[in-house]
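> only geometry, no sequence info:
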C-alpha cells in the first residue's frame, strides 16, 4: 500500500472517529437531559440589545424571583404527569452579556441554518466565562429591548443541539410574566418539544396544540398549550397568554420530553 493511500485511510478513520464521538456525545446529552433523574440547571443570561437606559434599569433589577414562575410551572405540570422528580428545573440569573448572539439566517436553507447553529453554539460557549456556579445544563440568552424603541420582536429560538435558547423580550415589568412564557417555550424546545402552531397563520394546530381538545363547545379554550403559544378562542382567532398560569404542557409535548411513556 502506498504512503498516500495510508494517509488517506488514516484521515478517513479520524473523520469517522470524530463523527462517532459527535453522535455519541449528542446521544448522551439527549439521554441525560430527558431522563429527569435530577433537576436541570437553567442559567438565564440577560442582554441589553439597544443600550437604552430603560433596558439597563430593567436588567439591573432582575433577580431569581422574576423567573421563579418557570420553576413553579414546570413543577406543577410534572406533578400532573406523575413525574417522580418534584422540581424539574432550577433557574439562576447569570451575569449580563455585552454581545449580541449571531443573527439567524433570513432563509430556511438547511446549510445556512446549520452554519448559524454552529456559530451560535460556539458563541455561547465562549461568551459565558464570567459565570460562576454549577455548570448549566441549559443556557437561555434573553435579549431585552425597550418597548418604546422596538415595537415588534423577532422570533425566539431554542436549540436542542447545544441546549440553548435565544429569547427576544421586552424590558418592562408589565410583561415580565409573558416573557417567562416565551422562555419556557424555548426551554422546552431544548429538551425535545416541537412547535404546535401553523407557521403561516400562527394558529394552534388541533388537537395537539390545544390545552383542552375535548372541551365542548371547543371554543373558547380556557388555557393554551405551551408549544402553541396562544389560547384559541375560535377557528381563526386566538389570544396570547398573560402568564404561565394560562398555559399547560399537553400530552404530545409531555411525550416528546419524556414525561409520558
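Cool, the structure landed. Note that the structure is predicted; figures quoted are calculated from it, not measured.
> list the contacts for the residue lying closest to residue 251 once chain neighbours are set aside?
Leaving aside its sequence neighbours, residue 251 sits nearest to residue 260 (CB to CB, 6 or more residues apart in numbering; 6.5 Å). Backbone N, C-alpha and C define where each C-beta goes, glycine included. When contacts are counted by CB atoms under 8 Å, 6 or more residues apart in numbering, residue 260 touches 81, 251, 254.
> 10 Å instead?
Neighbouring residues of residue 260 by CB atoms under 10 Å, 6 or more residues apart in numbering: 81-83, 251-254.
> which residues in the chain form helices?
Using DSSP state H, the helices assigned to the chain run over residues 3-33, 53-60, 68-80, 110-127, 176-190, 251-256.
> and the first one, what's its mean pLDDT?
pLDDT averaged over helix 3-33 equals 54, rounded to a whole number.
> and for the shortest one?
Across helix 251-256, the average pLDDT comes to 97.
> so what pLDDT did the nearest residue to residue 249 once chain neighbours are set aside get?
Leaving aside its sequence neighbours, residue 249 sits nearest to residue 77 (CB to CB, 6+ apart; 4.4 Å). For residue 77, the model assigns a pLDDT of 97.
> same thing with the one 10 residues further on?
On pLDDT, residue 87 comes in at 93.
> ok, residue 104 next?
We note a pLDDT of 88 for residue 104 in this prediction.
> residue contacts, it?
112-113, 116-117, 119-120, 154-155, 157, 166.
> make it 8 Å
Residues near residue 104 by CB under 8 Å, 6+ apart: 113, 116, 155, 157.
> quick check: it vs residue 117, distance?
Distance, residue 104 to residue 117, using CB to CB, to the nearest Å: 9 Å.
> what does residue 256 give?
Applying CB to CB, the value for residue 256 to residue 117 is 19 Å.
> between those two, which one's more packed in?
Neighbours were counted for residue 256 and for residue 117 using other CB atoms under 10 Å; residue 256 has more, 21 against 18.
> that one contacts residue 195, correct?
No: between residue 256 and residue 195 there is no contact under CB atoms under 8 Å: 10.8 Å.
> surely residue 242 and residue 178 touch.
Yes: using CB under 8 Å, residue 242 makes contact with residue 178 at a distance of 6.1 Å.
> which one of the two is surrounded by more residues?
The residue with more neighbours, out of residue 242 and residue 178, is residue 178; 17 against 14, by other CB under 10 Å.
> I figured residue 150 hits residue 54, correct?
No: Residue 150 lies out of contact with residue 54 (CB under 8 Å); the separation is 11.1 Å.
> so how far is stretch 113-126 off the chain centroid?
15 Å (CA atoms, centre = their mean, to the nearest Å).
> residues in contact with it?
In contact with stretch 113-126 (CB under 8 Å, 6+ apart) are residues 99, 101-105, 139, 141, 159, 161-162, 164, 166.
> show me what counts as buried in it.
Using 16 or more other CB atoms under 10 Å as the test for burial, stretch 113-126 gives 116-117, 120-121, 123-124.
> likewise for stretch 209-216?
209-213.
> TSV for these, including distance to residue 202 and pLDDT?
Formatted as TSV, these follow (distance: CB to CB, whole Å; pLDDT from 0 to 100):
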residue	distance to residue 202	pLDDT
209	11	97
210	15	98
211	17	97
212	19	97
213	19	97
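> which two of those have the greatest separation?
Using CB to CB, the buried residues of stretch 209-216 reach their maximum pairwise distance at 209 and 212, which is 11.3 Å.
> which stretches of the protein have low pLDDT?
1-33 (pLDDT under 70).
> could you redo the last one with a cut-off of 50?
Within the chain, the segments meeting pLDDT under 50 span 18-26.
> how much space between the spatially most central residue of it and residue 229?
Nearest residue to the geometric centre of the chain (CA atoms, centre = their mean): residue 186, 2.1 Å. Distance check for residue 186 against residue 229: by CB to CB, it reads 10 Å.
> re the thing from before, can you put the buried residues of stretch 113-126 in JSON lines and add distance to residue 50?
As requested, the buried residues of stretch 113-126 are exported to JSON lines (distance: CB to CB, whole Å):
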{"residue": "116", "distance to residue 50": "22"}
{"residue": "117", "distance to residue 50": "25"}
{"residue": "120", "distance to residue 50": "20"}
{"residue": "121", "distance to residue 50": "25"}
{"residue": "123", "distance to residue 50": "19"}
{"residue": "124", "distance to residue 50": "21"}
